[in-house]
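Visitor: Let me see the structure of the following:
(one chain, ligands or ions: 1)
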Amino acid sequence: QARIVVLISGSGSNLQAMIDCQQSGELGGDIVAVISNRPGAKGLERATKAGIEAQCLDHKAFADRESFDQALQAQIDQFQPDLVVLAGFMRILTPTFTEHYLGRMINIHPSLLPKHQGLNTHQRAIDAGDAQHGATVHFVTAELDGGPGIVQVAVDIEAKDTSETLAQRVQYQEHYMFPLAVQWFCQGRLRLHKDGNNHVSLFDGEPLPV
Ligand code: GAR
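Guide: Model (predicted):
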């Protein structure tokens, strides 16, 4: 079974979707730890309730991004993960950190990437007059919200939508899509390919042996 560490900052509803899948035997991996950068994040309670090791590393206790990422890396690596999952982890990561986990760290971003990288994506999709909005699961590289996409889900934007109603519909879909991507990774079906120019793309060869 693949060992999975999940990083969160808040509610952890995506984490919960993964816990539910794990408990019904569909995730294909074991969530061995959940780490939050915010003390009191609701996701920590969800982990504890499911009997999963829940830890906090408060970024405010660190002088800079580099020292926080260094400590976070040490904390994660204690669990020897095969996969690191960013499930609503709201920190920008340093290139040293992303390089260390290249090919074994995935993120969910609430937009149809490459559209609307960064924050407030639901409101920005409405303001832009987009017909559709959604969420994307992608491998994490040094480029913020820029790594190779794995799977994407789209919903129609309705005239009466507010950022709250739209976020709710997108999140509903996230809860199906994200555990599925984790399952694919655990089955050995997702791999990053690095070419001579260090360009990273999704492996598209024969299915890999599980
Ligand atoms: C999710 O909707 C996820 O797409 C978003 O945060 C939410 C976390 O919700 N992620 C980002 O914005 C990353 N930049 P959750 O804590 O309930 O899973």
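Visitor: tell me which residues in stretch 40-55 are buried?
Guide: For stretch 40-55, the neighbour count (16 or more other Cβ atoms under 10 Å) marks 41, 43-44, 46-47, 50, 52, 54 as buried. C-beta here means a position set from N, CA and C on the backbone, and glycine is covered the same way.
Visitor: State the mean pLDDT of that stretch.
Guide: Across stretch 40-55, pLDDT averages out at 98.
Visitor: For the protein, which segments count as strands?
Guide: All strands of the chain, identified by DSSP state E, fall at 2-8, 29-36, 53-56, 83-86, 105-109, 132-139, 149-156, 192-194, 200-202.
Visitor: Switch those strands over to TSV; also include distance to residue 16.
Guide: Listed next are these as TSV, based on distance: least, Cβ to Cβ, whole Å:
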stretch	distance to residue 16
strand 2-8	10
strand 29-36	11
strand 53-56	13
strand 83-86	13
strand 105-109	13
strand 132-139	16
strand 149-156	18
strand 192-194	27
strand 200-202	27
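Visitor: Residue 184: which of those strands is closest?
Guide: strand 149-156 (7.3 Å; Cβ to Cβ).
Visitor: residue in this structure nearest to the ligand?
Guide: residue 88 (2.5 Å; Cβ to the nearest ligand atom).
Visitor: and that residue, what is it in contact with?
Guide: 8-15, 43, 108 (Cβ atoms under 8 Å, 6 or more residues apart in numbering).
Visitor: re earlier: need the buried residues of stretch 40-55 in TSV (columns: distance to residue 178).
Guide: Below are the buried residues of stretch 40-55 laid out as TSV (distance: Cβ to Cβ, whole Å):
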residue	distance to residue 178
41	17
43	13
44	18
46	14
47	16
50	16
52	16
54	19
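Visitor: Can you pull the residues of this structure lying near the ligand?
Guide: Within the chain, the positions near the ligand by Cβ under 6 Å from any ligand atom are 8, 10-14, 43, 87-88, 108-110, 135, 171, 174.
Visitor: Can you flag which of these belong to helices?
Guide: Counting by DSSP state H, those place 13-14, 43, 171, 174 in helices.
Visitor: Check those residues for burial and list the buried ones.
Guide: 13-14, 43, 171, 174.
Visitor: can you tell me which of those lies nearest to residue 61?
Guide: For those, the nearest to residue 61 is residue 43 (19.2 Å; Cβ to Cβ).
Visitor: Now for this structure, the helix or strand with the poorest mean pLDDT.
Guide: In the chain, no helix or strand scores lower on mean pLDDT, DSSP states H and E than strand 200-202, which sits at a mean of 68.
Visitor: ok so, going back, I'd like to know which of the buried ones among the ones in helices among the residues of the chain next to the ligand is nearest to residue 104.
Guide: Using Cβ to Cβ, residue 14 is the member of these that lies nearest residue 104, at 18.1 Å.
Visitor: show me the contacts for the closest one.
Guide: 87-88, 108, 171, 174-175, 178.
Visitor: If we use 10 Å, what do you get?
Guide: Residue 14 sits next to 6, 8, 43, 85-88, 108, 135, 171, 174-175, 177-179, 182 when contact means Cβ atoms under 10 Å, 6 or more residues apart in numbering.
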